[in-house]
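Enquirer: the sequence and its predicted three-dimensional model are supplied below.
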Amino acid sequence: MFGLNTLSSIEIDEPQYNLSDYQSAVPRWCPGCGDNAILTAVQRLCRDEQLPPEKTVFVSGIGCSSRFPHHMGTYGFHGLHGRALPIAEGVKIRRPDLNVFVNMGDGDCCSIGTAHWIHAIRYNMNLVVLVHDNQIYGMTKKQASPTSPKGLKTNTTPHGSYTEPLNILSTTLGVGNVSFVANAVEWIPDLLYQIIQQAFHHRGLSFVRIAQRCPHFMPGFFDGFMTDPNRCLLLEHENGLQVPENLTKVYQKRVDHDPSDINRAREVAAMSEAEPIGILYRNDRVECYEDSRRPRKAFSVEARREAINLELDKFAVHVGSRNGQNLEQDASHSANGESGS
Ligand SMILES: Cc1ncc(C[n+]2csc(CCOP(=O)(O)OP(=O)(O)O)c2C)c(N)n1
Ligand code: SF4
């Protein structure tokens, strides 16, 4: 007998999502832009985790990278410059059941959005935060960002940037309540995928800084890291990154890094000679904000109406009184021939 009999047939009740279910408008990023690689990694993750598109939200601010939600076949919110995190937190606090991702540029996160960045780490909501760090303002055509290297000539710093760049990883690791910090580069897809996957599985705010090429305004900027594997330091650990064998031949600069050690994480973050790749820090015991501050119980329409009416009653003007005076009394005075005016 050929084929399966009815007893051994496979029944699939759940919908199976494939990559095209997560694809929306065709990306309009420049050819070779690193945002394309990040999009591909995230779409793969959604497919592998079988995330229902209707239960998944991408939130962004403004910038080239912030066009991300347009390219995902999920819900999305393209917000205001620097304001992705408060919007995402609003979504998460009302709907903790949703998978919420945040995409920010380095300008979005570390310049106009700095206050939200710091406080989001402190709040520790269950979000995946991806910072596309091309070290420039891409959308506004090469202005210096807080992560631009000192001396970089841009439209706002034609004689070269005067200030030291801000270290995204060190700053994040310096905030009390930090629970997950990772560093990735978009041009090593296997490791990028693995890092985003671990961020997704971490319960709490997973902060992933991703070095991202902007070939249009920063051509060749990351070439040194791409052509010399020794400028990358892979952080391996059983609770962190597991480097696939095919990459071990290329990336020989690897170190055993325990992500539970925050002091070591801070040392690694401060390194300037190599780009650390992997999970720098992970602490699963930090409480999520939405677990301690659950939204209040939903009330019925009738209960809400009654509560609103009770409040409004406090301001009600009763017929027969004006400015605290009793009009009925005034009227009776007039009727008795007393002047009420
Ligand atoms: C309140 C406000 N200020 C400034 C701008 C102009 N603006 C748009 S995008 C952008 C910077 C984008 O750079 P980045 O966040 O690094 O993202 P990229 O484009 O490099 O992905 C700026 C300053 C704006 N849209 N809104
Ligand atoms: S300007 Fe840069 S960051 Fe923006 S789409 Fe082009 S390559 Fe990407």
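Expert: Everything's here; your move. Ligands and ions are numbered 1, 2, ... in the order given.
Enquirer: please count neighbours and contacts with C-alpha atoms only from this point.
Expert: Noted.
Enquirer: kindly export stretch 216-232 (C-alpha atoms) in PDB.
Expert: Output of stretch 216-232 as PDB, limited to C-alpha atoms (Å, rounded to 0.1, in the frame of the first residue of the first chain):
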ATOM      1  CA  HIS A 216      25.000  56.100   1.400                       C
ATOM      2  CA  PHE A 217      26.500  58.500   3.900                       C
ATOM      3  CA  MET A 218      29.200  56.400   5.600                       C
ATOM      4  CA  PRO A 219      30.600  54.400   2.800                       C
ATOM      5  CA  GLY A 220      33.300  51.900   4.000                       C
ATOM      6  CA  PHE A 221      32.800  53.000   7.600                       C
ATOM      7  CA  PHE A 222      32.700  49.400   9.000                       C
ATOM      8  CA  ASP A 223      35.000  47.900   6.400                       C
ATOM      9  CA  GLY A 224      37.800  47.500   8.900                       C
ATOM     10  CA  PHE A 225      35.600  45.300  11.100                       C
ATOM     11  CA  MET A 226      34.300  43.400   8.100                       C
ATOM     12  CA  THR A 227      37.600  42.600   6.500                       C
ATOM     13  CA  ASP A 228      39.600  41.900   9.700                       C
ATOM     14  CA  PRO A 229      37.800  39.200  11.800                       C
ATOM     15  CA  ASN A 230      40.300  39.900  14.600                       C
ATOM     16  CA  ARG A 231      38.500  43.200  15.200                       C
ATOM     17  CA  CYS A 232      35.500  41.300  16.400                       C
END
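Enquirer: report whether it contacts ligand 2.
Expert: Yes - counting by Cα under 6 Å from any ligand atom, contacts between stretch 216-232 and ligand 2 involve His216, Phe217.
Enquirer: ok, stretch 128-147 next?
Expert: Yes - counting by Cα under 6 Å from any ligand atom, ligand 2 is contacted by stretch 128-147 at Gly138, Met139.
Enquirer: so is that stretch next to ligand 1?
Expert: Yes - contact of stretch 128-147 with ligand 1 (Cα under 6 Å from any ligand atom) involves Asn134, Ile136, Tyr137, Gly138, Met139, Thr140.
Enquirer: what's the closest non-adjacent residue to the last one?
Expert: Counting by Cα to Cα, 6 or more residues apart in numbering, Thr140 lies nearest to Gly63, which is 7.8 Å off, once chain neighbours are set aside.
Enquirer: and the one you found, what does it touch?
Expert: Counting by Cα atoms under 8 Å, 6 or more residues apart in numbering, Gly63 touches His81, Met104, Gly105, Asp108, Tyr137, Gly138, Met139, Thr140.
Enquirer: dump the residues you listed into TSV; add pLDDT, secondary structure and neighbour count as well.
Expert: Putting the contacts of Gly63 into TSV (pLDDT from 0 to 100; DSSP: H, G, I helix; E, B strand; the rest coil; neighbours: other Cα atoms under 10 Å) gives the following:
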residue	pLDDT	secondary structure	neighbour count
His81	98	coil	19
Met104	98	strand	30
Gly105	98	strand	32
Asp108	98	helix	29
Tyr137	98	strand	24
Gly138	98	coil	22
Met139	98	coil	14
Thr140	98	coil	11
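Enquirer: thinking again about what came up before, now do the residue nearest to Thr140 against Gln198, distance only.
Expert: 26 Å (Cα to Cα, to the nearest Å).
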